[in-house]
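Enquirer: fold the following and give me the result.
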Amino acid sequence: MTAPYANHYGAAEGPALLALHGIKGHGARWRHIAETSLYDFSVIAPDLRGHGRSDHAPPWNTEAHVADMLALLDARRMHRVDLLGHSYGGLIALRLAHEAPERVGRIVLLDPSVGLPAGDMHDQARRTLNTCSFTDPEQACAERRSAWPAASAAAVEEEVAEHLAPRSDGRWQWRIEPAAVVTACSEMAGPPITPPATVPTLLVIARRSGFVSPEYVRACRAAMGEHLTVSEVDAGHMLYLERPEETGELIRRFLA
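Expert: Okay, the predicted model is just below:
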């Protein structure tokens, strides 16, 4: 596997932290929280396959994403890192921790998309097939403001500047491969996977999203005992964009 495109934030010689975004996202979404709360960490924030500036070619399943991440760590000569994953990135972080436990120190899961209802994922996959495009960046900005009502204006503007690209027909589109998102929806509907039993893990639940079920929390507690820490943020699913200071402090406190 070819190493994916990756952003680097924070201290070059700080503790290594691999930050994984969710579907339809990109690594630069981590910039604000990395520079304000995790500035003394060496934060590597890749674009997942099928997203952003990384390769958009298949395969797009979690096995491919894990292989990409290992290739990235090898290319940067990083033997062991902590993992930070949001949504689908949380599922990839879990798969990576199980496949290569010797490469993982601790895990932070931000509202992970694990074992989600099949019907919900079916609906989302079908919606993704209708590729969203815009007449101009202003229309894309209005769409993001509607989708992220609690995010700052700066976060919306940065999203459009970083993640929107012109098409050959004159319209504009987010830098995503719809087929990769459909594949991710299928993966997120699979059987729930808990973190490795002895890997210290912070599970952060967004109270307003409903992504993390009580059953999943109980399964994690039963499997991990004292190695699991659970926190909540009064936010929607995009908690690290809606409440960056609070979310960043939780991450920093746990990793410190």
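Enquirer: contact partners for the residue nearest to Ala45 when sequence neighbours are not counted?
Expert: Excluding its sequence neighbours, the residue lying closest to Ala45 (CB to CB, 6 or more residues apart in numbering) is Gly27, at 3.5 Å. The C-beta positions use only the backbone N, C-alpha and C, and glycine is treated the same way. By CB atoms under 8 Å, 6 or more residues apart in numbering, the residues touching Gly27 are 5-7, 19, 21, 45-47, 52.
Enquirer: all helices for the stretch 51-200 of the chain, in order.
Expert: 62-75, 88-99, 118-129, 137-147, 153-163, 178-188 (DSSP state H, counting those that start in this stretch).
Enquirer: which strands or helices does the second one pack on?
Expert: Translated: helix 88-99. strand 16-20, helix 62-75, strand 81-86, strand 104-110, helix 178-188 (3 or more CB pairs under 8 Å, 6 or more residues apart in numbering; DSSP states H and E).
Enquirer: of the ones you listed, which is nearest Glu35?
Expert: strand 16-20 (12.2 Å; CB to CB).
Enquirer: and the following helix or strand past that closest one, what does it pack against?
Expert: Later in the chain than strand 16-20, the nearest helix or strand by DSSP states H and E is helix 31-36. When contacts are defined as 3+ CB pairs under 8 Å, 6+ apart, helix 31-36 sits against strand 6-10, strand 42-46, helix 153-163, helix 244-255.
Enquirer: in the stretch 1-150 of the chain, where is pLDDT below threshold?
Expert: Counting by pLDDT under 70, the stretch 1-150 of the chain shows low-confidence ranges at 1.
Enquirer: looking at the contacts of Gly27, which is nearest Gly225?
Expert: Distances from Gly225 to the contacts of Gly27, taken by CB to CB, are shortest for Ala19, at 26.4 Å.
Enquirer: and that closest one, bridged to which residues?
Expert: Leu84 (DSSP bridges).
Enquirer: Leu18 versus Leu70, what's the distance?
Expert: 10 Å (CB to CB, to the nearest Å).
Enquirer: those two: who's more crowded?
Expert: Counted by other CB atoms under 10 Å, Leu70 and Leu18 do not tie: Leu18 has more neighbours, with 26 against 16.
Enquirer: next, the contact list for the closest residue in space to that one that isn't next to it in sequence, please.
Expert: Of all residues not flanking Leu18 in the chain, Val81 sits nearest, at 4.7 Å (CB to CB, 6+ apart). Taking CB under 8 Å, 6+ apart, we find Val81 in contact with 16-18, 44, 73, 103-105.
Enquirer: can I get the helices and strands packed on helix 88-99 in a markdown table with distance to Tyr240?
Expert: Shown next, in a markdown table, are the helices and strands packed on helix 88-99 (distance: least, CB to CB, whole Å):
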| stretch | distance to Tyr240 |
| --- | --- |
| strand 16-20 | 9 |
| helix 62-75 | 19 |
| strand 81-86 | 6 |
| strand 104-110 | 6 |
| helix 178-188 | 18 |
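Enquirer: so for Ala222, which of the ones you listed sits nearest?
Expert: strand 104-110 (16.3 Å).
Enquirer: list the buried residues in the closest one.
Expert: By neighbour count on 16 or more other CB atoms under 10 Å, the buried set for strand 104-110 is 104, 106-110.
Enquirer: now do it against helix 244-255, angle only.
Expert: Orientation of strand 104-110 against helix 244-255 (axes from the mean of the first three to the mean of the last three CA atoms, to 10 degrees) gives an angle of 150 degrees.
Enquirer: angles on the backbone of the residue sitting furthest away from the middle of the chain, please.
Expert: The outermost residue of the chain relative to its centre, with distances by CA atoms, centre = their mean, is Asp169 at 30.3 Å. Main-chain torsions, Asp169, degrees, to the nearest 10: phi -90, psi 10.
Enquirer: that one and Phe134, how far apart?
Expert: 12 Å.
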